[in-house]
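Everything below, folded, please.
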Amino acid sequence: MLTRLFLSPIGDLTSGISAIQNRDYAYRIPVRRTDEFGIVVVAFNKFLGDLKEMQYGRIVQESLLPSGFGAPPGYEIECVRFPATDLAGDYHDIFSFPDGRWMFILGDVTGHGISAALAMAMAKATIEYQRVSQWTYPSQVIENLNLLFFKELKPRNKYMTFQCLVLDTKSHQLTYDNAGHGFPLYYQKDKKTVTEIEMPSFPLGMRKKRNPSTITVTMNPGDAVLLFTDGYTECADVNNEPFGLEKLIELFQQFMRQGLSIRETAKELMRLLDEFRTPGAYPDDVTLVFLQRKN
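Numbers count the residues shown, from 1 in each chain. Got it, this is the predicted structure:
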């Protein structure tokens with residue numbers, strides 16, 4: 001009687017917890033009774049079903065992000081992405097135009113989870129539409145995104161920081177526009193220093209109109225650019241101290257001076273962040289995008 005009333009139901013719930021740990025969202029706990037334990041089992045099975053839907057959502061979202069994008073002639077690209085949940089709010093994209101220009105995009109929706117993933121999908125769909133419609137990049141695409149977010153997402157207090165870089169592989173000029181995102185880090189090999197490409201602005205959707213402006217820099221051999229989301233710099237240790245922007249700048253400059261490739265630099269930055277932060281899941285999505293002109 002003890003086994004039937006208590007031990008078996010507790011064992012069933014334990015199996016359900018193990019299924020979550022193993023991400024086996026197709027698992028279902030057998031409903032053996034209609035009392036309180038039975039109610040818990042039904043609720044638990046519904047939760048497992050919801051997790052499976054989120055898993056499908058993650059698969060769809062992953063398909064929206066770039067893979068196997070190659071690199072412009074004479075350049076190297078590296079991307080790393082670590083979502084805080086199955087459905088992330090960070091959005092990065094890389095693609096080329098027929099005229100030889102390359103586009104680099106990085107955005108960060110407030111929060112994470114389902115609502116952030118939907119906002120990310122909206123941005124992706126809008127950019128793809130404007131890509132085939134041949135809108136002007138980068139400022140016009142940001143202007144159109146801003147109007148979309150202002151109309152659809154501001155009433156829900158949802159915003160997105162966003163930055164867009166266009167590389168002309170013939171002139172090696174990099175044109176940059178920003179909407180409230182953290183400034184890119186630019187390493188100049190001749191000076192062996194890292195500086196920020198500063199452009200203060202508001203996130204997408206915060207204001208109906210924005211003042212489009214761009215900054216252009218010329219990438220010389222060995223120069224490199226790092227785009228990042230604040231999930232990296234705001235990641236905290238056990239004392240709740242953030243990793244910090246200054247430390248990221250210092251490390252990026254150090255690794256570039258040492259002659260590390262951007263792939264090696266990305267690995268080292270993530271290794272040091274993991275050593276620093278509180279163990280467990282990332283508190284926010286982390287995305288790094290590197291671009292370097294070869295020597």
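
Any stretches of the stretch 101-250 of the chain with poor pLDDT?
Low-confidence segments of the stretch 101-250 of the chain, defined by pLDDT under 70: 111-115, 130-136.

Show me what the helix or strand hosting residue 256 is packed up against.
Assigned by DSSP states H and E, residue 256 belongs to helix 245-257. If you count contacts as 3 or more CB pairs under 8 Å, 6 or more residues apart in numbering; DSSP states H and E, helix 245-257 packs onto strand 185-188, strand 193-196, strand 224-228, helix 230-233, helix 262-276. No exception for glycine: its C-beta is placed from N, CA and C like everyone else's.

And those: which comes nearest residue 295?
Ranking the helices and strands packed on helix 245-257 by proximity to residue 295 (CB to CB) places strand 224-228 first, at 11.0 Å.

Which strands border the closest one, and is each parallel or antiparallel?
Sheet pairing for strand 224-228, assigned by DSSP bridges, gives strand 185-188 (antiparallel), strand 286-293 (antiparallel).

relative to helix 245-257, how tilted is that strand?
For strand 224-228 against helix 245-257, the angle by axes from the mean of the first three to the mean of the last three CA atoms, to 10 degrees is 150 degrees.

need the helices for this structure, in chain order.
With DSSP state H, the ranges of helices along the chain come out as 2, 8-21, 36-64, 114-133, 139-152, 230-233, 245-257, 262-276.

follow-up on the earlier one: rebuild the strands paired with strand 224-228 as TSV, extending it with mean neighbour count and distance to residue 166.
Converted to TSV, those look like this (neighbours: other CB atoms under 10 Å; distance: least, CB to CB, whole Å):
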stretch	mean neighbour count	distance to residue 166
strand 185-188	20	15
strand 286-293	24	11
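
Residue 237 and residue 278 touch, don't they?
Yes. Contact criterion CB atoms under 8 Å: residue 237 and residue 278 qualify, at 6.2 Å.

re the thing from before, okay if I get the strands paired with strand 224-228 as CSV plus distance to residue 99?
CSV is the format used below for the strands paired with strand 224-228 (distance: least, CB to CB, whole Å):
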stretch, distance to residue 99
strand 185-188, 24
strand 286-293, 18
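
how about those strands, which one is nearest residue 81?
strand 286-293 (4.8 Å).

For residue 150, find the nearest of the helices and strands packed on helix 245-257.
helix 230-233 (21.9 Å).

CA atoms of the closest one as PDB?
C-alpha atoms of helix 230-233 as PDB (Å, rounded to 0.1, in the frame of the first residue of the first chain):
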ATOM      1  CA  ASP A 230      26.100  43.000 -23.300                       C
ATOM      2  CA  GLY A 231      25.500  39.400 -22.200                       C
ATOM      3  CA  TYR A 232      29.300  39.100 -22.300                       C
ATOM      4  CA  THR A 233      30.300  42.300 -20.500                       C
END
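
That helix - contacts with which helices or strands?
helix 245-257, strand 286-293.

buried set for that helix?
Neighbour-count burial for helix 230-233, counted by 16 or more other CB atoms under 10 Å, picks out 230-233.

Contacts for that helix, please.
82, 84, 90, 108, 182, 242-245, 248, 269, 273, 282-288 (CB atoms under 8 Å, 6 or more residues apart in numbering).

redo that, cut-off 6 Å
Contacts with helix 230-233, where a contact means CB atoms under 6 Å, 6 or more residues apart in numbering, come from 182, 243-245, 248, 284-286.

what do you get for stretch 167-178?
Residues contacting stretch 167-178 (CB under 6 Å, 6+ apart): 72-73, 100-102, 138-139, 142, 163-166, 197, 199, 201, 214-219.
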